[in-house]
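1. Here is my input, please return the structure:
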Amino acid sequence: MTPHVSNKPTTTMPFGRVVELPGHRLDVPATEPLRLDCGIDFAPFTIAYQTYGRLNADKSNAILVCHALTGDQFVAEPHPITGKPGWWEHMVGPGRVLDTDRFFIICINVLGGCMGTTGPKEINPATGKPWGLKFPVITIADMVRAQVRVIDHLGIDQLFCVIGGSMGGMQVLQWAAAYPERVFSAVPIATAARHSAQNIAFHEVGRQAIIADPDWCGGDYLERGVRPHRGLAVARMAAHITYLSEAALHRKFGRALQDREALSYGFDADFQVESYLRHQGSTFVERFDANSYLYITRAMDYFDLARDYGGVLANAFRGTKTRFCIVSFTSDWLFPTAESRALVHALNAVAANVSFVEIETDKGHDAFLLDEPEFFATLAGFLNGAAEHRWNGTRR
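-> All right, here's what the predicted structure looks like:
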């Protein structure tokens, strides 16, 4: 594989402004296409990624962090567009659970994303216009195949760990099933082996909110110089509710009013929870592309790991030597603990090395992104144990 490599990934902002991003990029040429599940040989394309820490001499200390639906590669640094802290900065860094003094951390913007990796808002070389809905439909497996290109480019034969939550956890499972010899340990967090009917339904609500926005323009909004920001904001608001729990919402907001002492008897944001959701929606549209939201939610909906293994989930992991740690959260109703238990049962059925923990918390699905000491302790213990087996007690 001999792609052209540049150290400066870019993303196209609204109205055509191109912004350079921190990190790295891998440009895959037209001569080395990626076969997608939809049957298309896709090339050329760019993969943007970020790294933290240093790769050791034998390239055995690499950890791949897989990001969730609305995440990106900026795990442990201020976001280049919004300036907000990295989405897992309390997990990744010197002396943290994913210790950058010890491990080489990689995070790759997924195929179809909007932070430097080729997606529907980037230019289609065949037309000179943004891809829009001409971009091919992608799957979780396609995302992982693209990630393999980066890992190959870095010369890494085996990842010490692949870790991620939510959609990131789906990628972890796909890695472990498709490339077991390349994954020493795997940590799927708050995830499932397939998307439930309820989750598909929530995603469809979000997609229809975007499509119903007059500024969506059949997906060609970039050519028209507009953005479906209202639809995308509503999609984000609806999704964000699923990331929380009723207890967390009640604790944080209850029925408290927003900047007023009495009801307005109108349709402004009377309640703090309304104002919070509106803020979540309005800030989200600054950094995310509406068509990317359509494509990535569809990839999650299509995910069904057992389907490729005769309908039997255990077959996906038969013969694996990967060490697994499955994590769920008690108040997560988007990916409830029952989904994690199904994974554990499948791994047990093939005598895989698996540990499982359900973290007691009222913070909902987003608990994996928040300050949860028991969660941190669990991961630290698992990684230290895996390191003992990988390196026979030698610190790397």
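2. Now do the SS call for residue 207.
-> Per DSSP: H, G, I helix; E, B strand; the rest coil, the secondary structure class of residue 207 is helix.
3. count of neighbours near it?
-> Per other Cβ atoms under 10 Å, the neighbour tally for residue 207 reads 19. (Glycine included, C-beta is placed from N, CA and C.)
4. ditto for the one 3 residues further on
-> With neighbours defined by other Cβ under 10 Å, the count for residue 210 comes to 25.
5. Then residue 112?
-> 27.
6. Just the pLDDT for residue 8.
-> pLDDT, residue 8: 76.
7. With the one 5 residues further on instead?
-> Residue 13 is assigned a predicted lDDT (pLDDT) of 74.
8. ok, now the one 10 residues further on?
-> Residue 23 is assigned 96 on the pLDDT scale.
9. and the closest residue to it other than its chain neighbours, what does it touch?
-> Closest residue to residue 23 apart from its sequence neighbours, by Cβ to Cβ, 6 or more residues apart in numbering: residue 50 at 3.8 Å. Taking Cβ atoms under 8 Å, 6 or more residues apart in numbering, we find residue 50 in contact with 22-24, 73-75, 77, 106-107.
10. how about 10 Å then?
-> For residue 50, the contact set (Cβ atoms under 10 Å, 6 or more residues apart in numbering) comprises 9, 21-24, 65, 72-77, 86, 105-109, 115-116.
11. Next up, the contacts around residue 298.
-> Contacts for residue 298 (Cβ under 10 Å, 6+ apart) come out as 112, 137-139, 200, 203-204, 207.
12. State the helix or strand in which it lies.
-> Per DSSP states H and E: residue 298 is located in helix 290-302.
13. follow-up on the earlier one: so the residue nearest to residue 23, which of the three states?
-> strand.
14. neighbours around residue 188, how many?
-> Using other Cβ under 10 Å: residue 188 sits among 31 other residues.
15. So which residues of this structure form helices?
-> For the chain, the helices defined by DSSP state H occupy 140-153, 167-178, 197-212, 221-224, 229-243, 246-252, 272-284, 290-302, 337-349, 373-391.
16. Next one, pLDDT for the residue nearest to residue 41 when sequence neighbours are not counted please.
-> Excluding the flanking residues, the one nearest residue 41 by Cβ to Cβ, 6+ apart is residue 33, at 3.8 Å. Here the pLDDT value assigned to residue 33 is 98.
17. Who are the contact partners of residue 234?
-> Residue 234 touches 205-206, 208-210, 212-213, 228, 277-278, 281, counting by Cβ under 10 Å, 6+ apart.
18. Now for the residues you listed: which two are most distant?
-> The span of these, defined through Cβ to Cβ, is set by 208 and 278 at 19.3 Å.
19. Residue 345 versus residue 10, what's the distance?
-> Distance, residue 10 to residue 345, by Cβ to Cβ, to the nearest Å: 45 Å.
20. neighbour-wise, which of those two wins?
-> residue 10 (16 against 13).
21. Run through the residues that contact residue 391.
-> Counted by Cβ under 10 Å, 6+ apart, residue 391 has contacts 58, 60-61, 160.
22. how near is it to residue 94?
-> Look at residue 391 and residue 94: by Cβ to Cβ, they are 20 Å apart.
23. before we move on, what about residue 305?
-> Per Cβ to Cβ, residue 305 is found 35 Å from residue 94.
24. higher neighbour count, those two?
-> Using other Cβ under 10 Å, the more surrounded residue of residue 305 and residue 94 is residue 305, with 23 against 11.
25. related to what we said a few turns ago, give me the buried subset of the contacts of residue 298.
-> When the contacts of residue 298 are checked for burial by 16 or more other Cβ atoms under 10 Å, the buried set is 112, 137-139, 203, 207.
26. Count the neighbours of the nearest residue to residue 144 once chain neighbours are set aside for me.
-> Using Cβ to Cβ, 6+ apart and skipping residues adjacent in sequence, the residue nearest residue 144 is residue 174, 4.6 Å away. Number of residues near residue 174 (other Cβ under 10 Å) recorded here: 26.
27. Kindly report the same for residue 47.
-> By other Cβ under 10 Å, 26 other residues sit near residue 47.
28. chain center to stretch 222-234: distance?
-> Averaging C-alpha coordinates over stretch 222-234 and over its chain gives two centres that are 22 Å apart (Cα atoms, centre = their mean, to the nearest Å).
29. That one - what's its average pLDDT?
-> Per-residue pLDDT values across stretch 222-234 average out to 96.
30. just the CA coordinates of that stretch, formatted as PDB?
-> The C-alpha coordinates for stretch 222-234 follow below in PDB (Å, rounded to 0.1, in the frame of the first residue of the first chain):
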ATOM      1  CA  LEU A 222     -24.000  22.700   0.300                       C
ATOM      2  CA  GLU A 223     -24.400  23.500  -3.400                       C
ATOM      3  CA  ARG A 224     -27.300  25.900  -2.500                       C
ATOM      4  CA  GLY A 225     -25.300  27.700   0.100                       C
ATOM      5  CA  VAL A 226     -27.700  26.800   3.000                       C
ATOM      6  CA  ARG A 227     -27.700  24.300   5.900                       C
ATOM      7  CA  PRO A 228     -30.600  22.300   7.400                       C
ATOM      8  CA  HIS A 229     -29.600  23.500  10.800                       C
ATOM      9  CA  ARG A 230     -33.100  23.400  12.300                       C
ATOM     10  CA  GLY A 231     -33.700  19.800  11.300                       C
ATOM     11  CA  LEU A 232     -30.200  18.800  12.500                       C
ATOM     12  CA  ALA A 233     -30.700  20.600  15.800                       C
ATOM     13  CA  VAL A 234     -34.000  18.800  16.400                       C
END
